[in-house]
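Trainee: Kindly return the folded structure for what I paste below:
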Amino acid sequence: MAAPDAASGVRAAAREALEVNVYQDPRISAPWLDLLALVRQGENVDDVRDVYDRFFEYFPQASTQWMDYIDWELSRSNFEQVNAIFTRCLRNTMSVDLWKMYLAYTRRVNPLPPFTAEENSPRDQVRRVLEQAYEFALKYIGWDRESSPIWQDYLQLLREREARGTWQEGQKMDQLRRVFQRAVMIPLNQVEAIWREYDAYETSLNKITAKKFLGERSPAYMQARTVLKELRNLTDNLVRPDLPVQPCWIVPNGKTPAKERQSLQGWRRYLEWEEKNPLAIEDPSLLQHRVLSAYKKATMYVRFDAVVWYMAAMYCQSVHRDAEALVWLHEGTEACPWSMLLRFQYAELARAQGKDQDASAALDDLLMYMHHQIDTRLEAQRAACAAVDAETDAEREAALQRRAQDDAPDDDDADKAALADIERRIQETREQRHAKVLADARPGLDEWREALSQVWIKYMQLVRRAEGIRPARQVFARARKSPHCTWQVYEANAMLEYHCSKDTTVATKVFELALKVFGPDEHLVVRYLDFLISINDDTNARAVLERTVSSMPVDKAKSVWMRWAEYEYSYGDTSAMARLDARLADVYPDVSRLDRAADRWRYGTLDYVRAKDLGYSRIAAPAAKEAKEAPADEPAADAAKASQNKAPAPEPAPKVETGGRQSMEEIRRALATSSEPVKRTRPKAEPEKSSKKRKDTAVSEAARRPARDTPPPVPVLPDAVMYFMSLLPPAMMYEGPPITADTVFECLAHSNLPVLPPVDGRKGLKRRT
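Mentor: Alright, predicted model coming up:
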């Protein structure tokens with residue numbers, strides 16, 4: 001008896017460990033699969049059903065597990081349970097294999113009796129049941145291009161139906177024709193084979209009428225064939241995991257964010273393609289059914305992608321199915337409880353439909369989820385610190401034991417000093433490890449706290465729009481009680497009071513309360529100064545500046561000083577500007593007088609003192625990059641200025657003779673540093689030379705110079721390209737993402753350009769390679 005008891009004990013311990021893993025994150029599939037395998041080894045039927053039921057709460061479209069569950073129940077002949085399982089899973093699980101299993105089960109429990117000549121015989125009744133089952137299946141899965149076997153089985157079932165008399169034969173013929181005509185209009189994998197069967201069937205009945213029926217359906221069939229090719233290109237490479245996986249930015253899954261987005265983008269492109277109605281379906285209900293079925297299929301594989309749920313809801317709204325849109329959003333929030341996109345949209349749509357309590361409950365659930373995430377991370381941080389304490393205590397005991405074995409008695413002064421040194425080193429080690437634990441946990445905690453603050457802010461704004469400013473104040477009061485609330489919530493409430501209540505006094509009090517709670521945070525102070533300056537309250541702005549900069553570290557106070565300097569240099573008097581210059585020189589002695597002068601004469605992004613007098617680059621790309629990487633609370637102009645202060649632009653390279661034309665580098669520099677169009681310089685009148693001769697001349701002249709003084713030769717640009725470049729605006733006016741010029745020219749060089757038509761009797765010029 002000892003061996004079975006030991007085995008059951010091991011199984012119980014393994015199950016307990018798996019249950020803990022499942023509880024910690026129920027949306028990770030591996031612990032669930034191990035737990036299912038473990039309970040299926042036992043004899044307790046209720047345990048198996050309980051685990052399956054809990055599993056399907058988080059993976060309700062897991063077709064493989066539904067089929068395993070059905071097989072397990074069938075092995076025990078629990079047909080009532082099987083019927084209940086099919087009722088639960090079929091309509092929302094767009095799996096052809098699952099539907100084929102349902103049809104096979106229907107045939108199994110409804111065997112065909114022997115044929116008899118009587119009307120409405122038991123065989124006829126069973127056939128009707130089977131045909132209804134196939135129609136039911138095709139209604140939900142017949143649109144899928146992989147459902148060809150179901151269509152072909154259904155056609156075979158209809159062919160095998162016995163007909164008694166001409167009337168029944170006509171009924172059978174009409175039903176077969178209708179099913180054929182429905183099938184050939186769908187881009188099925190075997191649509192061509194089904195069309196050949198339909199052609200043969202109509203021809204066997206009547207060659208004359210065959211031409212009519214086939215001609216009527218031929219355009220739809222050709223459309224389906226064409227769409228099938230597009231469909232294969234879109235869907236063949238889609239990611240179809242056995243069970244959906246959370247995105248790597250939620251739970252690490254071995255993918256990079258770029259690869260994750262690429263795989264998810266494939267599904268989104270396919271769904272957008274379905275919405276465009278490539279089959280030209282004229283019936284709106286049929287089109288909507290196909291599109292929404294495609295969304296259901298997508299959620300089988302990318303269930304934890306909030307964007308797919310959002311797209312489905314937006315599609316429902318676009319076709320005026322608002323109730324279904326709310327259902328999609330609700331189910332999406334259950335699949336992706338972290339999704340602010342789905343919660344915000346659900347709350348807004350619920351408010352629009354008069355469901356205020358549902359809207360508030362959705363946001364309250366999101367707040368609860370985020371508090372739980374933060375508390376879980378804090379608990380893990382405390383556990384890590386406790387482990388550090390235990391580890392350092394063990395190291396301390398070991399060091400003291402070694403000291404006791406090796407050294408002199410305890411009352412010796414040298415021994416006491418050595419013991420004190422051991423304690424000091426152990427304490428330093430403890431503090432260093434604690435600091436590392438806190439530093440490692442801080443980015444994740446800050447991210448979740450800021451996300452939580454965003455929810456509070458949008459909650460206030462939503463309530464204000466729907467109910468007014470007083471209920472919004474109640475939400476703010478709740479937010480203030482949260483231990484994880486950040487200063488952004490206070491700022492958002494202050495601006496809400498200012499813009500919606502037109503009350504600067506209340507807004508100022510909220511800002512002051514934020515300073516009291518969070519201290520002189522540099523980002524908060526800059527926002528406060530922005531507000532006071534916007535309402536023209538320079539007296540309080542000066543007071544805030546003096547109260548805060550003195551208690552900040554010098555490096556953190558710089559953004560505050562820069563914000564105030566921008567105001568003072570623009571609107572202050574001469575004496576105030578002089579006093580500010582003196583204070584900045586005292587606080588930041590390493591900043592040169594030239595840089596301070598450039599700041600003084602700068603206005604917003606207009607900083608031509610640096611560009612024209614100090615020689616700093618005015619190319620927009622580095623500044624844009626710095627602005628993007630700078631903290632969100634600092635003005636973009638400061639980030640651009642920082643990048644300009646960082647290093648001057650490189651010296652221009654020596655010019656290469658190019659027959660009077662500007663080089664590409666010269667054109668780039670001209671476009672980047674001048675607001676005027678680039679001027680083309682042309683040589684004086686000279687005999688016309690071919691392009692090859694001009695190129696050879698330029699190369700030979702460059703070759704005669706010493707190698708150390710001559711850069712690589714720059715290709716001569718044709719006049720058309722030069723003219724095109726002169727029409728382009730300066731680079732400083734471009735505000736989009738930085739584009740590498742070399743990449744653009746490489747694409748142009750490898751493009752397949754057509755041959756130019758003859759001009760003035762000359763032959764067309766081909767692109768030189």
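Trainee: Quickly list the domain ranges of this structure.
Mentor: By the assignment in the TED database, the chain contains the domains 37-201, 337-406+414-480, 486-613.
Trainee: Save those as CSV, and put in mean pLDDT and mean neighbour count too.
Mentor: Just so you know, the C-beta spots here come from the backbone N, C-alpha and C atoms, and that holds for glycine as well. As requested, those are arranged in CSV below (pLDDT from 0 to 100; neighbours: other CB atoms under 10 Å):
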stretch, mean pLDDT, mean neighbour count
domain 37-201, 93, 16
domain 337-406+414-480, 92, 16
domain 486-613, 93, 17
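Trainee: out of the ones you listed, nearest to residue 258?
Mentor: Counting by CB to CB, residue 258 lies closest to domain 337-406+414-480 out of the domains of the chain; the figure is 19.3 Å.
Trainee: before we move on, the earlier item: which of the domains of the chain sits closest to residue 10?
Mentor: Closest among those, using CB to CB: domain 37-201, at 10.5 Å.
Trainee: Endpoint to endpoint, that closest one covers what distance?
Mentor: End-to-end distance of domain 37-201 (CA to CA, to the nearest Å): 49 Å.
Trainee: what do you get for stretch 19-31?
Mentor: Using CA to CA, one end of stretch 19-31 lies 8 Å from the other.
Trainee: ok, residues contacting it?
Mentor: With contact meaning CB atoms under 8 Å, 6 or more residues apart in numbering, stretch 19-31 is reached by 18, 32, 35, 54, 57-59, 242-246, 251, 304.
Trainee: what do you get if the cut-off is 7 Å, keeping everything else the same?
Mentor: Residues from elsewhere that reach stretch 19-31 (CB atoms under 7 Å, 6 or more residues apart in numbering): 18, 32, 35, 58-59, 243, 246, 251, 304.
Trainee: Any chance of the domains of the chain in CSV with distance to residue 269 as columns?
Mentor: Compiled in CSV, the domains of the chain are given as follows (distance: least, CB to CB, whole Å):
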stretch, distance to residue 269
domain 37-201, 16
domain 337-406+414-480, 19
domain 486-613, 35
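Trainee: residues touching residue 186, list them.
Mentor: Contacts of residue 186 by CB under 7 Å, 6+ apart are 142-143, 224.
Trainee: just checking, it is part of a helix?
Mentor: No - counting by DSSP: H, G, I helix; E, B strand; the rest coil, residue 186 is not part of a helix but coil.
Trainee: which residues does the spatially most central residue of the chain contact?
Mentor: Among the residues of the chain, the one closest to the centroid is residue 261, at 6.2 Å (CA atoms, centre = their mean). With contacts defined as CB under 7 Å, 6+ apart, residue 261 has no neighbours.
Trainee: in what helix or strand does it lie?
Mentor: Element membership for residue 261, per DSSP states H and E: helix 257-275.
Trainee: Sort out which residues of that helix are buried, please.
Mentor: 260-261, 263-264, 266-268, 270-271, 273-275 (16 or more other CB atoms under 10 Å).
Trainee: Quick one: these as CSV, columns for pLDDT and distance to residue 24 too.
Mentor: Converted to CSV, the buried residues of helix 257-275 look like this (pLDDT from 0 to 100; distance: CB to CB, whole Å):
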residue, pLDDT, distance to residue 24
260, 88, 22
261, 90, 26
263, 89, 26
264, 93, 25
266, 94, 31
267, 95, 28
268, 95, 30
270, 96, 34
271, 97, 32
273, 96, 38
274, 96, 37
275, 96, 38
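Trainee: For residue 319, state which of these is nearest.
Mentor: Here the nearest of the buried residues of helix 257-275 to residue 319, counting by CB to CB, is residue 275; it sits at 9.7 Å.
Trainee: which residue sits closest to residue 548 in space, ignoring its chain neighbours?
Mentor: residue 520 (3.9 Å; CB to CB, 6 or more residues apart in numbering).
Trainee: typo on my end, it should be residue 247
Mentor: The nearest residue in space to residue 247 (CB to CB, 6+ apart) is residue 260, at 5.4 Å.
Trainee: Next: residue 524.
Mentor: Closest to residue 524 by CB to CB, 6+ apart is residue 487, at 4.5 Å.
Trainee: Do I have it right that that neighbour meets residue 514?
Mentor: Yes - contact criterion CB atoms under 7 Å: residue 487 and residue 514 qualify, at 5.1 Å.
Trainee: Mutual contacts of those two, please.
Mentor: Each of residue 524 lies in contact with both residue 487 and residue 514 under the rule CB under 7 Å, 6+ apart.
Trainee: Quick one: distance of the helix with the most length in the chain to the chain centre.
Mentor: Longest helix in the chain, counting residues (DSSP state H): helix 413-467. Offset of helix 413-467 from its chain centre (CA atoms, centre = their mean, to the nearest Å): 28 Å.
Trainee: before we move on, what about stretch 63-73?
Mentor: On the basis of CA atoms, centre = their mean, stretch 63-73 sits 33 Å off its chain's mean C-alpha point.
Trainee: export it as PDB, just CAs?
Mentor: What follows is stretch 63-73, C-alpha atoms only, in PDB (Å, rounded to 0.1, in the frame of the first residue of the first chain):
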ATOM      1  CA  SER A  63     -10.700  23.700 -30.500                       C
ATOM      2  CA  THR A  64      -8.100  21.000 -29.800                       C
ATOM      3  CA  GLN A  65      -9.000  20.900 -26.100                       C
ATOM      4  CA  TRP A  66     -12.800  20.900 -26.900                       C
ATOM      5  CA  MET A  67     -12.200  17.900 -29.100                       C
ATOM      6  CA  ASP A  68     -10.200  16.200 -26.500                       C
ATOM      7  CA  TYR A  69     -12.900  16.900 -23.900                       C
ATOM      8  CA  ILE A  70     -15.500  15.500 -26.200                       C
ATOM      9  CA  ASP A  71     -13.500  12.300 -26.900                       C
ATOM     10  CA  TRP A  72     -13.000  11.900 -23.100                       C
ATOM     11  CA  GLU A  73     -16.700  12.100 -22.500                       C
END
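Trainee: can you list contacts of that stretch?
Mentor: Counting by CB under 7 Å, 6+ apart, 40, 48, 52, 55, 59, 81-82, 85, 89, 93, 95, 97-98, 101, 242, 300 sit against stretch 63-73.
Trainee: Equivalent analysis for stretch 558-576, please.
Mentor: 522, 525-526, 529, 533, 545, 548-549, 577, 580, 584, 587, 599-600, 634, 638.
Trainee: Output stretch 289-301 in PDB with nothing but the alpha carbons.
Mentor: Written as PDB, here are the backbone C-alpha positions of stretch 289-301 (Å, rounded to 0.1, in the frame of the first residue of the first chain):
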ATOM      1  CA  HIS A 289     -21.900  37.400 -41.200                       C
ATOM      2  CA  ARG A 290     -18.800  36.600 -43.200                       C
ATOM      3  CA  VAL A 291     -16.800  39.500 -41.800                       C
ATOM      4  CA  LEU A 292     -17.800  38.800 -38.200                       C
ATOM      5  CA  SER A 293     -17.100  35.100 -38.700                       C
ATOM      6  CA  ALA A 294     -13.600  36.100 -39.800                       C
ATOM      7  CA  TYR A 295     -13.200  38.100 -36.700                       C
ATOM      8  CA  LYS A 296     -14.300  35.100 -34.600                       C
ATOM      9  CA  LYS A 297     -11.700  33.000 -36.400                       C
ATOM     10  CA  ALA A 298      -9.000  35.600 -35.700                       C
ATOM     11  CA  THR A 299      -9.700  35.600 -32.000                       C
ATOM     12  CA  MET A 300      -9.100  31.800 -31.900                       C
ATOM     13  CA  TYR A 301      -5.400  32.500 -32.600                       C
END
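Trainee: tell me the average confidence for it?
Mentor: Mean pLDDT, stretch 289-301: 96.
Trainee: What residues of that stretch count as buried?
Mentor: 290-301.
Trainee: can you give me the strands for the protein?
Mentor: Read by DSSP state E, the chain holds no strands at all.
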